[in-house]
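J.: the following block contains a protein sequence and its predicted model.
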Amino acid sequence: MAANLTEESASCQVGITKSVYKNGHFMNPFKDGQQQSNMLSVFKFMAEKNNSKVPSSQSVLDETLPIVKPDATEISTPPETGIRLTWIGHATVLAQFDGITVLTDPIFTDRCGMMSWQGPKRFRPVPLKVNELPKLDAVVISHSHYDHLSRPTVLELNKKFGKDLHWFVPLKLGEWMKAAGCETVTELDWWEEAHMDSHPGVMFACTPTDHWGMRNPTDRYKVLWGSWVIKGPNHSFYFAGDTAYCRTFKEIGQRYGPFSVAAIPVGATEPRWFMKSMHCNIPEAVQMHQELKAKKSLAIHWGTFNLSYEHYLAPLTEIKENMEKAGLPAEDFLTKKHGEIWHLFADN
Ligand code: ZN
Ligand code: ZN
């Protein structure tokens, strides 16, 4: 299903029709090349004031970011009607609709780093373990960063579901997935579509984002990054993964919208001079919600790993403020508790 990689030049003026691959690296067409951050800016970032204020007290965390145990019976199968989302934490969402159960960017480990003992530590636990997950049909991966693609979690999922689990990944990530034991893998370029044999009525499309991929100093830009459209006969779900704001969301909305629900990142936003090129902030997330033509949006990529310097509870108030500022109903773009089930558009 992989497209022929071409060496067409990136243009910031026209719609992006496919990824741009040059000399073994994917280019970022929204930045006219590649990400600009360098070691100097990383050091400058590290020296900035950190306003995240994640409390060390578990009781304060339990109060401000409570964990809900999702009802195992309720999530055991896709809903009869409507779309059911369960936020597991960070960018991991269990999405169930139109007869399928899909997991996004699964990470169930304590840290998101190269080694199990290294990297940012989870400050909110997962509401359920891999062995408590319902039968999954598919997993979509947005990119190779450690907070989105966790090898120990991939191994655990493979152990539980084996070849019955269908992995959808952006171009050139398939080799890594196979090496981690994934048997059923579909690699897609931007704007390519695919279906699972088991659920031919549900379409998966990989769509662009303004981001990049990297797992070690030698593989920067070597695999593609992206977002996912999952469209069934009754409902559709958009998973943005991790991205800066760029013009692509308008195009995704025009092509595949309206969406029943979009999962949009709202965290790792400050300081802006450093994060703007890789992560949208909350006003931009609200703009994406509109441009994607999402009926409802779920906030992701926050409240789980401390990756940046904005206050750890900022999404709880700022999404509402920015929705109101944009003249939109605040209840259309929500944060949810870890493990909380959001069942939308059900008949009864
Ligand atoms: Zn990332
Ligand atoms: Zn991320």
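T.: Noted; the coordinates are in hand. Numbering: from 1, shown residues only. Ligands and ions are numbered 1, 2, ... in the order given.

J.: contact partners for the residue of the stretch 151-300 of the chain found nearest ligand 2?
T.: Nearest to ligand 2 in the stretch 151-300 of the chain, going by CB to the ion, is residue 242, at a distance of 3.9 Å. No exception for glycine: its C-beta is placed from N, CA and C like everyone else's. Neighbouring residues of residue 242 by CB atoms under 8 Å, 6 or more residues apart in numbering: 91, 142-143, 145, 147-148, 209, 211, 225, 265, 278-279, 301.

J.: quick check: which of these are also close to ligand 2?
T.: Applying CB under 5 Å from the ion to those, one finds that residue 147 fall near ligand 2.

J.: report the two of the contacts of residue 242 separated the most.
T.: 147 and 209 (14.7 Å; CB to CB).

J.: look through the stretch 51-200 of the chain and state the residue closest to ligand 2.
T.: residue 147 (4.3 Å).

J.: and that residue, what's its pLDDT?
T.: Looking at residue 147, its pLDDT reads 97.

J.: next secondary structure after the biggest strand by length in the chain?
T.: Counting by DSSP state E, the longest strand found in the chain is strand 199-207. Later in the chain than strand 199-207, the nearest helix or strand by DSSP states H and E is strand 227-231.

J.: right, and the helix or strand after that following strand?
T.: Counting by DSSP H and E, what follows strand 227-231 is strand 236-239.

J.: elements contacting that following strand?
T.: Counting contacts by 3 or more CB pairs under 8 Å, 6 or more residues apart in numbering; DSSP states H and E, strand 236-239 packs against strand 92-97, strand 227-231, helix 248-256, strand 259-265.

J.: pick out the residue in the stretch 201-348 of the chain sitting closest to ligand 1.
T.: residue 242 (3.8 Å).

J.: phi, psi of that residue?
T.: Main-chain dihedrals, residue 242, degrees, to the nearest 10: phi -150, psi 120.

J.: picking up where we left off before, was I right about the residue of the stretch 51-200 of the chain closest to ligand 2 contacting residue 308?
T.: No. With contacts counted by CB atoms under 8 Å, residue 147 stays clear of residue 308, the gap being 11.4 Å.

J.: which one of those two has more residues nearby?
T.: Taking other CB atoms under 10 Å, residue 147 and residue 308 do not tie; residue 147 has more neighbours (24 against 21).
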